[in-house]
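Undergrad: show me how the following folds:
(chains A and B)
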Amino acid sequence: MRPLDEKETTQVFNKLHKFVGGNLKNIVLDNQSHEGPDSNPGRYCFRLQKNRVYYVSESLVRRATNIKREKLVSLGTQIGKFTQAGKFHLTIQSLNLLAANAKHKVWLKPTSEMSFLYGNSVLKGGVGRITENIQVNDGVVVFSMADVPLGFGDAAKSTVDCRKMDPNGIVVHRHADIGEYLRMEDEL
Amino acid sequence: MGKKKQKTVLPPELPPEVPDEDIEVSDEDLQFINENLEYAGFVSKLDTHSITKHVSRVADADEGALESLYEKRLRKKLQKKDEEESTLEVDPVDVLPVKTLDGELYYRRVTKESKIYEAESTQGEATGVLKLTKPEKRAKQKKLRKEAKKLSKEEVQQVPAQAEVLDEVKKDISTEESREMKKYKLAELGTAILADPESNIKSLKEMLEISKDGDGVIVILALKSLLAVFKNIIPGYRIRLPTEKEKEMKVSKAVKKLRFYESTLLSALKAYIQKLVALQQQTVYKRVAANCLCTLLAAVPHFNFRESLLAAVVSNLSSQDDVVRKLSCSTLKSLFINTGKHGGEATVEAVKLIADFVKAHNCLLHPDSVEAFMSLSFEDLGKPENPDADNRAKSKKSKKRKGVDESNQIPDNDRKKTRKEMMLKTREEVNADLKAASFAQDPEEKRRMQSETLSALFQTFFRILKCAVQPVTEAIVVPGGFGSHPLLAPCLNGIGKFSHLIDLDFMSDVMNLLRKLAGNSSKIGDSLKSSVQLSVSERLRCCIVAFKVMRNNLDALNVDLQDFYTHFYNLLLEYRPGRDEGELVAEAFKLMLCDDRQHDMQRAAAFVKRLATFSLCFGSAESIAALVTVKHILQKNDKCRNLLENDAGGGSVAGAIAKYQPYAMDPNRSGALASILWELKLLIKHYHPAVATMSTNISSMSSSNNQVYHHVSPQQAYAELSLEKESAVPSGDTKRANNKKRRTNDHIPLKSAVDLALMDQISENEVRQKLSQHFLLLRDIQENERLKFEMDQTTHCLNLYKHYKKQKTRKGRGHAKR
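TA: Numbers count the residues shown, from 1 in each chain, chains lettered A, B, ... in the order given. Sure thing, here's the model as predicted:
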């Protein structure tokens, strides 16, 4: 377990920024953890462990130092991992963090929820609502109509273009969805 | 006419006039001269007397005495006059003699005029009837009289030129009289033109000459009478001047005459308009000229020189003079509303002109200049659909027809084919002819104009929006002391009104601009002073307009205007009852919070919390609007009812944010779900019963799940209470009164008592009791205080006395001296 180096940090922050925009500040600086017996709440930080990036409260980090690196399986919330090629990917576990701070949202109609949870992209016909002012390639968090976060992905079209699209056009390219917890249980 | 002229015109002056004027006139004049020779002495003696007589005669032609006088004089010259009449006046009916009550035959030239006037009045002109006519009907219409006066004046004006021949006469005519004469001259010329525009068209030039007079009164009169004349004689079509080629061609007399008439009319009108535009610069004539321009434009928007008329009126839109500005604004509005007169072309031109006008002045104009667009809407609403529908129907029909034809043609043999083709061709030709001949506009054409108007309109709106977004440099001083963005408010209204017509391609731009405007001051950090602060009302309007635009254009896709919610969330904190428009807030509640079906739970909770806080701080009208909205939201969002529980949520319910952060800028980050609506408990004790009941209602929502939905919009609620407020406290500001209520003792019960009494007559007795109790208590307290004070004083005195005695006993002498 180690802190991210500068390059890794930019990679992670860039990725997060795509989804949460200015709210990145909340994630990194303002979010306060109330874990542990400490009277003053600590902050959260990012830690790298076996190519996976974790979002951990500082108090937990201190405790985790007691454990050998090889033996440490996980700590805090995993938010993503670095691939062999050195790229950073957000994983589905980061969904809660993203959903709370998301800038761009898409709400799915109940009928198309299932399709999304099986790993398909979001089609225009399935969109119940969409945040205004999404640009192409912005990070979008996908919700059900009951405001339950379902996953996230990349915007394939801006909000404006969405209006003119036919119902079968892709609005959001899927990155991750909560169906993965079942489908890819082993890899997570 | 003849009579008047004879009498009024002075003998010597006539001869010089003859060569200048028409042949007919010269004939008259010759005859006049002859008569005048006899009269010469008589006229010089009578002079003013005779003139006034004539005037009066003209005015009250019905008086028998006058008539008889008149007749006697005329008898001798009846023949001559008849001739004159025939030459002067075309209408044969008028030439018929009239038998008076005495049984005398009496040739009326005047009658013609009267008839003319009748025609005029039937045309709907307000010019009114002239002098001579006996019947009383026309006597009312003052304008004509004025004209008549003017006409006579004109005559007089010419008189002095000729008067040089006879100095004696000239001396007698004072300026007053000359003015009168000119008036009559104007009237005569005007009536002559109206009687027979074709032959008397040249008199227009004379009238124009008069309008160059040095006398202000005469100029104004001349302008007005010219306006009346033009309004009447301008034909219902647009005159096209013949080309060179056409001029060369041989034409019949009638055509020549017509051409001459048309060209004279055009040149006169041109000169007149130029004159008006020039006169506008002078403060004396400003209003008259503007008035004339506007009336002319409203009366004949189809005619030539419309462009210059429009340009003049549009440039008046931002005039400093309120009267002129309102006038041109209303003229344009009526132009927009009554497109029938000009077929919509003038509308296009006017909108384009206004667009250019706004552009030229960098959007720093009086709001009225864009206000005119608002009436444009009514025309536009129906139009775009109609032509479309027509077109579609037509094209469908034609397609069908073609299809039918083709299907029929195929089986037919060649002969039939050719015949059918022939028939088709001829039919097409006939159709084309029909189209050309029919008055109905081509729907294509209509649509083209429509789109041109729209593009110019939105161009203007966008320009204004962009102007508002751009930082205003200090150097620019806004003329007339309007706000920093005088056009923004009417522009936003306009966009809201026409939002359904906005092109989808533009929409993102509009939304971006609106977003910037709405969030104008929320980024105080970066934009600082460079960007002008918009008022809260303006920013609220931006939000509302954005929602309207979205709602009107997007049926298929439900777009969530997150940014605008954020702005609105923050704007609520900046609202001040006196300064900002409460109606706008109520409208925003309705549009943004009540109408929208879905909300994020977090956001809904944040708004509920903020609205509850909001209603604590402001007057009853605002609070009731906010509470109604709260109720709406809570009814729609079950989960938000957690706010009503006594136990603060937190944990999984509250989401990521475990603690309510009242100062969060983003409603999604406020963590309102972790809080409770304690405000309702306070509001239940609100002095206004409506607010109190509403908050009781809301707080009991969680327990009774099956609520009966009775929907009152926040706007309605607001309007009701604000009306009530006005009637309840006519003189004072209630909000202030409410605030006072908490602080000063004496005023509160009174004011609230007034409220209560109005709201509930039945409780009057109660109030009285309470009031009496209150005042009794007050009196008791005062009494107590007074007694206490007295007691204090007496005890003090006693103490002093004791002290004195002590000292006296101690020091003896020393104290005794004191």
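Undergrad: can we go C-alpha only for contacts and neighbour counts from here?
TA: Will do.
Undergrad: any idea how far chain B is from A:Val61?
TA: Plainly put, A:Val61 is 20 Å away from chain B if you go by CA to the nearest CA, to the nearest Å.
Undergrad: quickly note the distance from that residue to A:Val12.
TA: Distance of A:Val61 to A:Val12, computed by CA to CA, to the nearest Å: 19 Å.
Undergrad: repeat for A:Lys157
TA: Look at A:Lys157 and A:Val12: by CA to CA, they are 24 Å apart.
Undergrad: correct me if wrong: A:Gly76 contacts A:Arg52.
TA: No. With contact defined as CA atoms under 8 Å, A:Gly76 does not count as touching A:Arg52 (11.4 Å).
Undergrad: any chance you could map the strands in the chain?
TA: As the question left the chain open, I've gone with chain A. All strands of chain A, identified by DSSP state E, fall at A:32-33, A:42-49, A:52-57, A:77-82, A:88-90, A:105-108, A:122-123, A:127-131, A:139-144, A:149-155, A:170-177.
Undergrad: chain B was what I was after
TA: Listed in chain order, the strands of chain B (DSSP E) span B:97-99, B:105-107, B:559-560.
Undergrad: could you tell me the least trusted of these?
TA: Set side by side, the strands of chain B give their lowest mean pLDDT on strand B:105-107, at a mean of 66.
Undergrad: and for chain A, the residue most distant from the center?
TA: A:Ser39 (29.9 Å; CA atoms, centre = their mean).
Undergrad: local confidence estimate at it?
TA: At A:Ser39, the model reports a pLDDT of 71.
Undergrad: nearest spatial neighbour of B:Ala312, skipping sequence neighbours?
TA: Distances taken as CA to CA, 6 or more residues apart in numbering or on different chains put B:Val277 closest to B:Ala312, at 6.8 Å, once the chain neighbours are dropped.
Undergrad: state the distance from the one you found to B:Pro301.
TA: For B:Val277, the distance to B:Pro301 equals 17 Å [CA to CA].
Undergrad: show me the one of the strands of chain A that comes nearest B:Glu177.
TA: Checking the strands of chain A against B:Glu177 by CA to CA gives strand A:127-131 as the closest, at 79.8 Å.
Undergrad: show me what contacts whatever residue of the stretch 201-350 of chain B ends up closest to chain A?
TA: Of all residues in the stretch 201-350 of chain B, the one sitting closest to chain A is B:Val348 (29.7 Å; CA to the nearest CA). The contact partners of B:Val348, by CA atoms under 8 Å, 6 or more residues apart in numbering or on different chains, come to B:449-450, B:452-453.
Undergrad: so which of these is the closest to B:Leu798?
TA: Nearest to B:Leu798 among the contacts of B:Val348, counting by CA to CA, is B:Thr453 at 94.9 Å.
Undergrad: can you check the pLDDT for that closest one?
TA: Note on B:Thr453: pLDDT of 82.
Undergrad: partner strands of the helix or strand bottoming out on mean pLDDT in chain A, parallel or antiparallel?
TA: Sorting the helices and strands of chain A by mean pLDDT, DSSP states H and E puts strand A:32-33 at the bottom, at a mean of 75. Here strand A:32-33 is paired, per DSSP bridges, with strand A:42-49 (antiparallel).
Undergrad: chain B contacts on chain A?
TA: With CA under 8 Å from any CA of the partner chain as the criterion, chain A meets chain B at residues A:100-101, A:127-133, A:147, A:160, A:163.
Undergrad: by neighbours, which of these wins?
TA: Counting neighbours by other CA atoms under 10 Å in any protein chain shown, A:Val127 comes out on top of those with 27 neighbours.
Undergrad: ok, that residue - contacts?
TA: Contacts of A:Val127 (CA under 8 Å, 6+ apart): A:106-109, B:557.
Undergrad: repeat for A:Gly126
TA: Listed by CA under 8 Å, 6+ apart, the contact partners of A:Gly126 are A:108-109, A:111-113.
Undergrad: which pair in the residues you listed spans the largest distance?
TA: A:Leu108 and A:Thr111, at 8.0 Å, using CA to CA across the contacts of A:Gly126.
Undergrad: these two: which has the busier surroundings?
TA: Shown here are A:Leu108 and A:Thr111; by other CA under 10 Å, A:Leu108 has more neighbours (27 against 12).
Undergrad: break down the stretch 351-500 of chain B into its helices, ranges please.
TA: All helices of the stretch 351-500 of chain B, identified by DSSP state H, counting those that start in this stretch, fall at B:368-371, B:373-382, B:385-409, B:414-437, B:443-469, B:488-498.
Undergrad: equivalent analysis for the stretch 651-800 of chain B, please.
TA: Under DSSP H, counting those that start in this stretch, the stretch 651-800 of chain B gives helices at B:651-654, B:679-683, B:689-699, B:714-728, B:734-743, B:747-759, B:764-811.
Undergrad: what's the least confident stretch among those?
TA: helix B:734-743 (a mean of 40).
Undergrad: averaged pLDDT, stretch A:177-188. What do you get?
TA: The predicted model gives stretch A:177-188 an average pLDDT of 87.
Undergrad: for it, buried residues please.
TA: A:177-180 (16 or more other CA atoms under 10 Å in any protein chain shown).
Undergrad: contact partners for B:Lys257?
TA: Listed by CA under 8 Å, 6+ apart, the contact set of B:Lys257 reads B:Glu198.
Undergrad: bridged to the nearest residue to A:Pro149 once chain neighbours are set aside, which residues?
TA: The shortest distance from A:Pro149 to any non-neighbouring residue, by CA to CA, 6+ apart, is to A:Phe143 (4.3 Å). Listed by DSSP bridges, the beta-bridge partners for A:Phe143 are A:Trp107, A:Pro149.
Undergrad: for A:His173, same thing?
TA: Legend: beta-bridge partners of A:His173 under DSSP bridges are A:Asp154.
Undergrad: end to end on stretch B:663-675, go ahead and measure it.
TA: For stretch B:663-675, the end-to-end distance is 13 Å (CA to CA).
Undergrad: give me the mean pLDDT for it.
TA: For stretch B:663-675, the mean pLDDT works out to 79.
Undergrad: identify each buried residue in that stretch, please.
TA: Within stretch B:663-675, the residues that count as buried by 16+ other CA under 10 Å are B:666-675.
Undergrad: kindly identify which of these also come near chain A.
TA: Among the buried residues of stretch B:663-675, chain A is touched by B:668-669 when using CA under 8 Å from any CA.
Undergrad: A:Gln11: how many residues sit nearby?
TA: A:Gln11: 17 surrounding residues under other CA under 10 Å.
Undergrad: can you give me the buried ones in the lengthiest helix in chain A?
TA: If you go by DSSP state H, chain A has its longest helix at helix A:6-20. For helix A:6-20, the neighbour count (16+ other CA under 10 Å) marks A:8, A:11-13, A:15-20 as buried.
Undergrad: what's the answer for stretch A:55-64, then?
TA: Under 16+ other CA under 10 Å, the buried positions of stretch A:55-64 are A:55-61, A:64.
Undergrad: may I have that stretch exported as PDB, CA atoms only?
TA: What follows is stretch A:55-64, C-alpha atoms only, in PDB (Å, rounded to 0.1, in the frame of the first residue of the first chain):
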ATOM      1  CA  TYR A  55     -10.400   5.700  -1.300                       C
ATOM      2  CA  VAL A  56      -9.600   5.400   2.400                       C
ATOM      3  CA  SER A  57     -10.100   7.400   5.500                       C
ATOM      4  CA  GLU A  58      -6.800   8.500   7.000                       C
ATOM      5  CA  SER A  59      -7.500   6.800  10.300                       C
ATOM      6  CA  LEU A  60      -7.900   3.500   8.500                       C
ATOM      7  CA  VAL A  61      -4.700   4.100   6.600                       C
ATOM      8  CA  ARG A  62      -2.900   4.400   9.800                       C
ATOM      9  CA  ARG A  63      -4.300   1.100  11.100                       C
ATOM     10  CA  ALA A  64      -3.600  -0.600   7.800                       C
END
